[in-house]
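Student: Need a 3D model of the following:
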Amino acid sequence: MKKELYIGIMTGTSMDGIDLVIAGFDGFPKIIAEYSAPIYPTLKKNLFDFATKKIVNLDLLVVSHFALAHEYAKVVNNALKKAKLKAKDIRAIGLHGQTIRHLPKLGATFQLGSGPALSALTGIDVVSDFRSGDMAIGGQGAPLMPMFDYCFLASNSTNRIILNIGGIANMTFLPAGCREEDIIAFDTGPGNMIIDVLTNEFFYKPFDSGGKIAKKGKINDNMLSEFLANQYFRQSPPKSTGRELFGEKFLAKFKKSAEKKNLSASDIIATATELTARTIADALRFLPKKDLKSHSTEIIASGGGVKNNFLCERIKKLLPDIGFRTSDEIGIPSQAKEALAFAWFAKSFLDGEYIHLPKTTDASKKIILGSLSKGINVSF
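Tutor: Numbering: from 1, shown residues only. Down below sits the predicted model:
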């Protein structure tokens with residue numbers, strides 16, 4: 001009997017591309033193939049504008065919803081071809097979509113990328129819209145990763161902090177031998193998002209490769225203190241955030257402060273990088289001290305931020321008593337972890353299993369999350 005295979009697709013807050021995995025879940029996740037592709041520049045610009053501007057072109061928004069589905073379909077078909085698989089070999093696609101608004105206080109979220117269009121274009125069942133159900137019953141629609149982390153990354157002997165550094169950074173705390181009710185998870189604040197925008201603006205590069213620019217700069221402690229005072233960093237979990245809080249207004253304030261202090265471009269990148277490192281390290285204040293003292297603790301890091309060596313070194317220095325390694329070291333590629341989770345979410349939906357923890361999202365109860373779009377047989 002052939003093993004069931006699933007596809008997971010993820011485009012995150014940084015909008016740095018489309019990540020896809022093909023995987024099976026007979027026990028620990030087994031990745032059959034990984035595939036990444038850039039979002040073509042015009043569409044990427046439109047998505048960024050939708051996520052950051054208050055007033056948008058509604059016609060362009062609708063068109064982009066379907067254009068993104070076409071991009072996803074291309075990536076799926078290319079990945080299947082590369083892996084020498086056919087649509088009939090895949091049970092379902094788990095699709096996150098591109099978040100352009102996440103408003104937890106208003107009980108609303110919106111991701112672009114039509115699930116029905118993708119299912120029609122690929123001939124594969126698509127499970128999408130994972131966040132809406134949680135928000136409808138009082139949750140924040142995030143974070144969704146904790147159940148995946150719990151099922152595949154928990155340890156009986158070691159406390160684990162599962163840290164994802166994407167556009168936004170988030171963590172899942174899994175105390176040694178934990179049960180579902182012991183899990184704590186939340187967004188810590190900006191991850192790569194602010195660093196990437198500033199690096200592009202000042203150095204015309206999409207990201208600070210290896211943290212080399214930040215390493216040359218000098219962290220401005222006065223400016224850092226100013227932005228660490230943001231109320232979000234003091235807010236207790238459950239909590240989630242995005243561009244709505246750390247987008248254009250935050251960046252404008254950040255740049256204005258840097259200008260007043262006459263900082264160099266490298267100093268600005270260094271300070272932005274330290275903001276991410278400090279807010280990640282400071283977030284440990286929300287974890288139970290008794291758990292941290294009772295067992296050794298290690299960070300398992302994933303996401304694009306693990307490629308920023310300077311950022312990772314700063315986190316290690318700020319948390320000298322805590323181990324630090326990447327998810328690659330335990331069999332889950334750091335760049336593909338979120339896509340892998342969405343593949344598993346698709347399986348969970350079809351199997352009638354829960355993927356969220358009301359304690360971490362603040363939802364009133366557990367429900368099955370997602371929406372199914374049935375695939376049809378098509379030829380290309």
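Student: Can you list the helices and strands that the helix or strand bottoming out on mean pLDDT in the chain packs against?
Tutor: In the chain, no helix or strand scores lower on mean pLDDT, DSSP states H and E than helix 243-246, which sits at a mean of 88. Helix 243-246 sits against strand 98-103, helix 193-203, with contacts defined as 3 or more Cβ pairs under 8 Å, 6 or more residues apart in numbering; DSSP states H and E. The way it works is simple: take the backbone N, C-alpha and C, and place the C-beta from them, glycine included.
Student: any chance of these in JSON lines, plus mean pLDDT and distance to Pro143?
Tutor: Shown next, in JSON lines, are the helices and strands packed on helix 243-246 (pLDDT from 0 to 100; distance: least, Cβ to Cβ, whole Å):
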{"stretch": "strand 98-103", "mean pLDDT": "92", "distance to Pro143": "11"}
{"stretch": "helix 193-203", "mean pLDDT": "95", "distance to Pro143": "16"}
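Student: could you dump the ones you listed to a markdown table with mean neighbour count and distance to Ile268?
Tutor: A markdown table is the format used below for the helices and strands packed on helix 243-246 (neighbours: other Cβ atoms under 10 Å; distance: least, Cβ to Cβ, whole Å):
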| stretch | mean neighbour count | distance to Ile268 |
| --- | --- | --- |
| strand 98-103 | 21 | 26 |
| helix 193-203 | 20 | 6 |
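Student: Rebuild those as TSV, extending it with distance to Ala87.
Tutor: TSV is the format used below for those (distance: least, Cβ to Cβ, whole Å):
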stretch	distance to Ala87
strand 98-103	23
helix 193-203	34
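Student: ok, back up a step: check the offset of the least confident helix or strand of the chain from the chain's centre.
Tutor: From the chain centre to the centre of helix 243-246 is a distance of 15 Å (Cα atoms, centre = their mean, to the nearest Å).
Student: if we look at that helix, which residues are touching it?
Tutor: If you take Cβ atoms under 8 Å, 6 or more residues apart in numbering as the criterion, helix 243-246 is touched by 13, 51-52, 101-103, 167-168, 189-190, 193-194, 232.
Student: Relative to Thr279, which of the residues you listed is nearest.
Tutor: Each of the contacts of helix 243-246 was checked against Thr279 using Cβ to Cβ; the closest is Gly189, at 4.1 Å.
Student: and Glu180, how many neighbours?
Tutor: Glu180 has 14 neighbours, counted by other Cβ atoms under 10 Å.
Student: quick one: buried residues of stretch 170-189?
Tutor: Neighbour counts over stretch 170-189 (16 or more other Cβ atoms under 10 Å) mark 170-176, 178, 182-189 as buried.
Student: end to end, how far does it reach?
Tutor: Stretch 170-189 has its terminal residues 7 Å apart, counting by Cα to Cα, to the nearest Å.
Student: Return the distance of that stretch from the chain's centre.
Tutor: Centroid separation between stretch 170-189 and its chain, computed with Cα atoms, centre = their mean, is 16 Å.
Student: next one: stretch 257-269
Tutor: Centroid separation for stretch 257-269 versus its chain: 28 Å, with Cα atoms, centre = their mean.
Student: ditto for stretch 234-249
Tutor: From the chain centre to the centre of stretch 234-249 is a distance of 14 Å (Cα atoms, centre = their mean).
Student: Thank you, goodbye.
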